[in-house]
Structure formats: C-alpha cells, structure tokens
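Trainee: Kindly generate the corresponding structure for this input.
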Amino acid sequence: MKKVETGDTVVINYVGKLEDGAVFGSTEDKSPLEFTVGEGEVVQGLEQGVIGMAPGESRSITVSMKKGYGPSIKERIREFDNARVSQDFRPEVGQRMQMHRADGLPFMGTVIAVSETSFTVDYNHPLAGKTLIFETTLLEIFPKTEQ
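Mentor: From the prediction side, this is the model:
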C-alpha cells in the first residue's frame, strides 16, 4: 500500500488542539485539507507528521513551537496611545486588527489589553509559542509526478 512521501499531495481531515485541549481548527463540517508535502503550505511539523501514513490511517501529530508558528516575540507586541486613533475606535480584547507596514503590506494583530489611555496589540501569529496537536486521518494520496 502506498505511503506518504515528500512531494506527494495529501488530503486529510484533522482536529487541531492546544495542550489544554482547546480546539484551534478543524475540517469537521468543512472540506478536508489538501497540501503537497514539502511545499511549506502547512506548518513543518504537520508536513513531517504525515510522512509514512497510508490512506485510512489516523495519527496524533504533536508539533513543537519550533516546527509550528515559532516563538512569541516580545518585540511584536506594541502599545498604542488612544490619542493616536479616531475617537470612534473602541478596541476590545480579542479583536483582530489589520495594520500596514511602511511598505504598504498588510499584517494582522490581536488586541490583548485595553486601558483608559492605551491599548496593546500582539502581532505574533495567534498560535506562536504554542505546542499544536493534530488528530489526523489520511484520506487520499496523490503521488508526486516525476518531471
């Protein structure tokens, strides 16, 4: 039976959880996830974890922060003075915000604190610094094509 190798395209169902059991993502009630192993379309640890799986096989794949979204970097957390934003803007903890870099490219952040005079935004990926656990089932393999 064919098993997953680097370069194969795979189709999986998964439930992604944190170590405390909180679910951060799932294909339940959605289309399965399809990606090519080794192309960097998903976190490295998930790519590596499906190698060797056969169709129909289920596996729990634990992904370290290093092979997931990396560490949470303190310099990516910024505090803003309320005087710098519109009076109509009322940030709330958990709110996602889009900002723009100096070159105009957008990036996302999450409001993590609000006070009378300021608010704090974390521009790290929401899963940075966390160990991820993927409960996966391999549905299909499309073998790599030789070029």
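
Trainee: Skipping adjacent residues, who's closest to the spatially most central residue of the chain in space?
Mentor: Residue closest to the average C-alpha location in the chain (CA atoms, centre = their mean): Leu127, at 5.9 Å. In space, and not counting its chain neighbours, Leu127 is closest to Tyr69: 4.6 Å by CB to CB, 6 or more residues apart in numbering. No exception for glycine: its C-beta is placed from N, CA and C like everyone else's.

Trainee: residues contacting the residue nearest to the centre of the chain?
Mentor: 24, 68-69 (CB atoms under 8 Å, 6 or more residues apart in numbering).

Trainee: my read: the residue nearest to Leu127 touches His125, true?
Mentor: Yes - contact criterion CB atoms under 8 Å: Tyr69 and His125 qualify, at 4.3 Å.

Trainee: measure Ile51 to Ile112 for me?
Mentor: 36 Å (CB to CB, to the nearest Å).

Trainee: now Phe142
Mentor: 41 Å.

Trainee: for Asp29, same thing?
Mentor: 29 Å.

Trainee: Each with direction, which strands does the lowest-mean-pLDDT helix or strand in the chain pair with?
Mentor: Within the chain, no helix or strand scores below strand 96-100, which has a mean of 88 by mean pLDDT, DSSP states H and E. With DSSP bridges as the test, strand 96-100 is paired with strand 106-114 (antiparallel).

Trainee: Mean confidence (pLDDT) on the partner strand, please.
Mentor: On average, the pLDDT along strand 106-114 is 94.

Trainee: Buried residues, that strand. List them.
Mentor: Residues of strand 106-114 classed as buried: 109-112 (neighbour count, 16 or more other CB atoms under 10 Å).

Trainee: Alright, I will stop here.
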